[in-house]
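Participant: Coordinates for the following, if possible.
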Amino acid sequence: MGNPVAVVIGADGLMTEEMQRIAAWTNLSETTFILRSERADYRLRIFTPKRELGFAGHPVIGSAHAALESGYAEARGGVLRQECGAGIFDLSVEENADARRIFVRAPGPKISGFDAVDALAAALSAGISPSPLVIETGPKWIVADLASAEKVAAAKPDLNAVAELSAAHSATGVVIFGKAEDGVSALHVRAFAPGDGIPEDPVCGSGNAAVGAYLHHTGARSEYGSAYIARQGMNVGRDGRIAVRITDKGVEIGGGAITTVDGHIDI
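Facilitator: All right, here's what the predicted structure looks like:
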């Protein structure tokens, strides 16, 4: 998925305040805690440096990878069941000779209009076409089409203005996207959530799910296809790749994960 997430396995003894304190200490986009569940293979709690989320994309994928690799959970028939704040999700675990890919279907989107287009364009220093939408796929995002990957890369957000607009619409932040011509991906994505202590998210699963819901809702899905690769993070020194699938049942996001650091925390 291209973005680091800290995963704490076997966190049943931790209080919410301790989890939030650890998430602030790691200072990553998300830190997750894996706990026992009576309804699924495990329960997941997800924290940004400032608050808890009911759902987020790449933390779900990374946590599933950690649960499988550590032996904490086992996929049955290629399915791993995860409980989180947004409900119980069936994760698809696809194994092949050289890699494992994990997919999750995001919560069904809630979509509404957005009427502060001029203010958003000014906050991003970018032109926007057509009109943005507010889309909730767990977190709520203001989603804007900038038409091209070049315009996405050139956007220069005023993070204070982005935070104010997001707060005014009870949104986590702003996601922008544009069509790519790089031969690798269908589109490029950037996500800004300064109100949650994340100026720019290197890779954002829920944000990419919101983009997929935008494409489906507006009919632009035909331009990109029902299954595509999105790229994100290049403006912050990353090159994340997100696999997206759009069906009439919803939007799936997925990809692979690797373990880069393994250790323990003394509380």
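Participant: Give me the below-cutoff pLDDT ranges for this protein.
Facilitator: Within the chain, the stretches with pLDDT under 70 are 1-2.
Participant: What ranges does it have for its helices?
Facilitator: 16-26, 57-70, 117-124, 149-154, 159-168, 205-218, 221-224 (DSSP state H).
Participant: Select, out of those, the one closest to Leu91.
Facilitator: The closest of these to Leu91 is helix 57-70. By CB to CB, the value is 5.3 Å. Just so you know, the C-beta spots here come from the backbone N, C-alpha and C atoms, and that holds for glycine as well.
Participant: how far is that closest one from where the chain is centred?
Facilitator: Its chain's C-alpha centre and that of helix 57-70 lie 13 Å apart, by CA atoms, centre = their mean, to the nearest Å.
Participant: wait, Gly127 sits on Leu120?
Facilitator: No. Assessed by CB atoms under 8 Å, Gly127 is found out of contact with Leu120, at 10.6 Å.
Participant: quick one: which of those two has more around it?
Facilitator: More crowded of Gly127 and Leu120, by other CB atoms under 10 Å: Leu120, with 23 against 11.
Participant: quick one, domains of this protein?
Facilitator: Domains of the chain are assigned by automatic domain parsing as 6-105, 110-253.
Participant: Redo the ones you listed as CSV? Include distance to Thr260.
Facilitator: Listed next are those as CSV, based on distance: least, CB to CB, whole Å:
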stretch, distance to Thr260
domain 6-105, 10
domain 110-253, 13
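Participant: Just name the most buried of those domains.
Facilitator: When you average the neighbours per residue for each of those (mean count of other CB atoms under 10 Å), domain 110-253 leads with a mean of 20.
Participant: so which of the domains of the chain gets nearest His264?
Facilitator: domain 6-105 (9.3 Å).
Participant: Would you mind measuring the gap between the ends of that closest one?
Facilitator: 22 Å (CA to CA, to the nearest Å).
Participant: Likewise for stretch 104-113?
Facilitator: For stretch 104-113, the first-to-last residue distance is 26 Å (CA to CA).
Participant: ditto for stretch 183-191
Facilitator: 22 Å.
Participant: contacts for it?
Facilitator: Stretch 183-191 has contacts (CB atoms under 8 Å, 6 or more residues apart in numbering) with 141, 149, 152-153, 155, 173-180, 200-201, 204, 207-208, 211, 224-225, 228-232, 234-235, 241-242.
Participant: Much appreciated, bye for now.
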